[in-house]
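S.K.: Quick check, what structure comes out for this input:
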Amino acid sequence: MVNAAVCKTAMHRFDPGLRLNARMAELVYAHDLKSCLARDVGSIPTPGTHYMKKVLLIVCLVFIIWFFSSLTLLPEIQRKEHTSSQHFSYLARDFLKGQLYFSNVPMKGFDSVLVGDRYYWPLGPFPAVLLTPYVLISMPFNVLPTQVIPQIVLTIGIGILVFLLAKKVGYHIHDQLYFALAFCVGTGFLMIYLTPSSWYFAHVVTVFLLFLALYEYLHKKRYWLIGIVMGLVLATRITAGFGSIFFILEIVRNSSGSFKEKLKPLGQLLLPFVLIFALLCMYNFVRFGTFLDQGYTQSLTYIDAHKVARDHGLYGWIHVPGNLYHMFLKAPEPVFKELPSHIMSFPFIKLDYWGIGIFFTSGYLVTLFFLDYRKKILQHLLIATIVIAIPIIFYYSIGYSQLVYRYAFDFMPFVFLLFMIGYKEKHPELSTRMQIALLCACIFNSYLWITMTLLK
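M.R.: As a prediction, this is how the structure comes out:
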C-alpha cells in the first residue's frame, strides 16, 4: 500500500491563490503520484525477494556456526603448528620476573633482537602485559599458558563489537549479523584469528582495541577512555596507533562549540595517549638505548626475501610498488594438473605465502569507490585509513604466511566502519545483492583457508 502521507504532498504542490490551468494541475499530480508509487512499491519486497532473503539469512546463520566452530580448532592448530610461537606468553612470564628479555628464547630467536647475549621482542609490549594476569594464575602450577584462549575471547569480542557498531549506525538485527560475519569471515581476518601465533595475536589485539575505541566514540564519547585505548593500540602496533587522527578530526571539525571548548576533549584524548607513548619510548630506551627504535632494524629474520628487502632500507620508496601490489592486486594462483598444460585440478586456485589483495578477499569493498564523501565522518575515516597506510606501504616487509595483506588490518576497522556508514547513507538496509556479496566473500575465504589447510 502506498504511503498516503507522502503522496498527499502531491495535492499541495500549488498555491491555491495561483489560478493554474486545472488540466496542468491534474498532470503534475498524476506525475507526483506515479513517483510515489514507483518509490514505495519498489521498496516493498516481492514474494520472491522475501524468500531469497530467508534463504540468505539461513546461509548467514550457517556461516556464523562455522565461525564459532572454527574457533574450537585453535588449540589443535597451535599444538601442531605453533607450539613455540607464543612469544607474548613467554614475555609476560619474563615481565613478571622483572626482566624485559626472553629467558627462554622461542623459535631459535626468529624475529627477535639480539643485544649481547639477550633476546628482545620487537613487537609492541601490550599483548604481553594483557596476558600477565593469565600467566600469573598459572605460575604456581609451573605451566605456561598459550595465547589460544585469549585469542578466542578477543575474536568473539570483535564479532560482538562489529555487531554493536552496526546497531549504532542504524541497521536492524539481521544486517548486524551480516556485518559481524562479513568482518570475521568475509575478510582476510579469517586466517588471522585462525593462526594462534604471536604475530597474528598482535593483530587480533589491535583490531579488538580499534573497534572498541570506535564503538566508544559512537556510544558515549568518553575521550579519556578512547585516549587510553588508542594508547594501548600504539603499544601493540605503532602504525595502527596513528588512527588517533580520526578522533582528533572529529573533535576539531565535526563537533560544536568554540575552539576553547574543544580543548577539553582534545586534552582528555591526547593526555593518556602521550603518556603511553612516553612509556613506550622508555621501554625502547632501556632495551636498545634509543627512544624510537623498537628493534626492527636489528631483528633476526631467516626469510631470504625479507633480508634482501631490508638491505634496501627499513622504509623507502623502493618498497611502495610491491606493497601496493600485494595490498590490492595480488591474485590467487592457479593449480594445474601438469605443466605445461593448462588443465586445472583441485583446488583449482591456491595461496602462496604472501597472500592476496584486499579486493579478492572482500570484493564488496569496491562500493567504497561509490560512496558520497560529503559527510565529515566519512572523510575522517578515510583520512585515518590513509595516514595509517602511508608508513605501511613504505615498509620493507609485506607480511608472510597470510590469506591477505595482513598489515592492512591496522586500518581495516576504520575501512569497515566507513563501509557501514557510507552504505547506510544510500540504502536503508542491506540489499539482497549486498547480502549475496558478503556471503560470497565468506565462501571464497573459507574455501581458500580450508583447501590450504588440507594441502599442507
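
S.K.: In what element of secondary structure is the residue nearest to Leu56 when sequence neighbours are not counted found?
M.R.: Excluding the flanking residues, the one nearest Leu56 by Cβ to Cβ, 6 or more residues apart in numbering is Gln435, at 4.8 Å. Using the backbone N, CA and C atoms, a C-beta is placed for each residue, glycine as well. According to DSSP states H and E, Gln435 maps onto helix 432-454.

S.K.: which parts of that helix are buried?
M.R.: 434-435, 437-439, 441-442, 444-446, 448-449, 451 (16 or more other Cβ atoms under 10 Å).

S.K.: Taking those, tell me the two that lie furthest apart.
M.R.: Spatially, the most separated pair among the buried residues of helix 432-454 is Met434 and Thr451, at 26.2 Å (Cβ to Cβ).

S.K.: Counting by contacts, list what the helix holding Gln435 packs against.
M.R.: helix 47-71, helix 173-184, helix 189-193, strand 344-350, helix 358-361 (3 or more Cβ pairs under 8 Å, 6 or more residues apart in numbering; DSSP states H and E).

S.K.: can I get the CA coordinates of that helix in PDB?
M.R.: Extracted as PDB, the C-alpha positions of helix 432-454 are listed here (Å, rounded to 0.1, in the frame of the first residue of the first chain):
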ATOM      1  CA  THR A 432      19.800  -8.800  -1.400                       C
ATOM      2  CA  ARG A 433      22.700  -8.200  -3.800                       C
ATOM      3  CA  MET A 434      24.900  -6.900  -1.000                       C
ATOM      4  CA  GLN A 435      24.000  -9.800   1.300                       C
ATOM      5  CA  ILE A 436      25.000 -12.200  -1.500                       C
ATOM      6  CA  ALA A 437      28.300 -10.300  -2.000                       C
ATOM      7  CA  LEU A 438      29.100 -10.600   1.800                       C
ATOM      8  CA  LEU A 439      28.300 -14.300   1.800                       C
ATOM      9  CA  CYS A 440      30.300 -14.900  -1.400                       C
ATOM     10  CA  ALA A 441      33.300 -13.400   0.300                       C
ATOM     11  CA  CYS A 442      32.800 -15.700   3.300                       C
ATOM     12  CA  ILE A 443      32.500 -18.700   1.000                       C
ATOM     13  CA  PHE A 444      35.600 -17.700  -1.000                       C
ATOM     14  CA  ASN A 445      37.800 -17.100   2.000                       C
ATOM     15  CA  SER A 446      36.700 -20.200   3.800                       C
ATOM     16  CA  TYR A 447      37.400 -22.300   0.600                       C
ATOM     17  CA  LEU A 448      40.900 -20.800   0.400                       C
ATOM     18  CA  TRP A 449      41.700 -21.500   4.100                       C
ATOM     19  CA  ILE A 450      40.200 -25.000   4.100                       C
ATOM     20  CA  THR A 451      42.000 -26.100   0.900                       C
ATOM     21  CA  MET A 452      45.200 -24.500   2.000                       C
ATOM     22  CA  THR A 453      45.000 -26.400   5.400                       C
ATOM     23  CA  LEU A 454      44.200 -29.700   3.600                       C
END
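
S.K.: ok now do Phe348, which residues does it touch?
M.R.: Contact analysis of Phe348 by Cβ atoms under 8 Å, 6 or more residues apart in numbering lists Pro334, Val335.

S.K.: Could you measure from it over to Thr451?
M.R.: 9 Å (Cβ to Cβ, to the nearest Å).

S.K.: Determine how far the helix holding Gln435 lies from the middle of the whole chain.
M.R.: 17 Å (Cα atoms, centre = their mean, to the nearest Å).

S.K.: How about stretch 386-400?
M.R.: Taking the mean of its C-alpha atoms, stretch 386-400 sits 15 Å from the chain's own mean (Cα atoms, centre = their mean).

S.K.: Need the residues that contact it.
M.R.: 239-240, 242-243, 245, 303, 306, 309-310, 312-317, 319-320, 322-324, 326-327, 353-355, 405-408, 410-411, 414.

S.K.: re earlier: and which of the buried residues of helix 432-454 is nearest to Val143?
M.R.: Distance to Val143 across these (Cβ to Cβ) is lowest for Trp449, with 30.1 Å.

S.K.: Correct me if wrong: the closest one contacts Tyr193.
M.R.: No. With contact defined as Cβ atoms under 8 Å, Trp449 does not reach Tyr193; the gap is 10.7 Å.

S.K.: mind listing what's buried in the strand or helix carrying Ile377?
M.R.: Applying DSSP H and E as the criterion places Ile377 in helix 376-393. Buried residues in helix 376-393, counting neighbours by 16+ other Cβ under 10 Å, are found at Ile377, Leu378, His380, Leu381, Leu382, Ala384, Thr385, Val387, Ile388, Ala389, Ile392, Ile393.

S.K.: taking the mean pLDDT, what do you get for stretch 244-263?
M.R.: Stretch 244-263 carries an average pLDDT of 89.

S.K.: Contacts for that stretch, please.
M.R.: Applying Cβ under 8 Å, 6+ apart, the external contacts of stretch 244-263 come out as 213, 217, 223, 226-227, 230, 234, 265-266, 269-270, 273, 376-377, 379-381, 383-384, 387, 414.

S.K.: Okay, domains of this structure per the record?
M.R.: Residue ranges of the domains in the chain are recorded as 4-43, 47-454, according to automatic domain parsing.

S.K.: which stretch in the ones you listed is the model least sure about?
M.R.: Among the domains of the chain, domain 4-43 scores lowest, with a mean of 47.

S.K.: Who are the contact partners of Phe95?
M.R.: Pro125, Ala128, Val129, Thr132.

S.K.: Surely the third one is within a helix?
M.R.: Put plainly, it is Val129. Yes. Assigned with DSSP: H, G, I helix; E, B strand; the rest coil, Val129 falls within a helix.

S.K.: What about it, how many residues nearby?
M.R.: 16 (other Cβ atoms under 10 Å).
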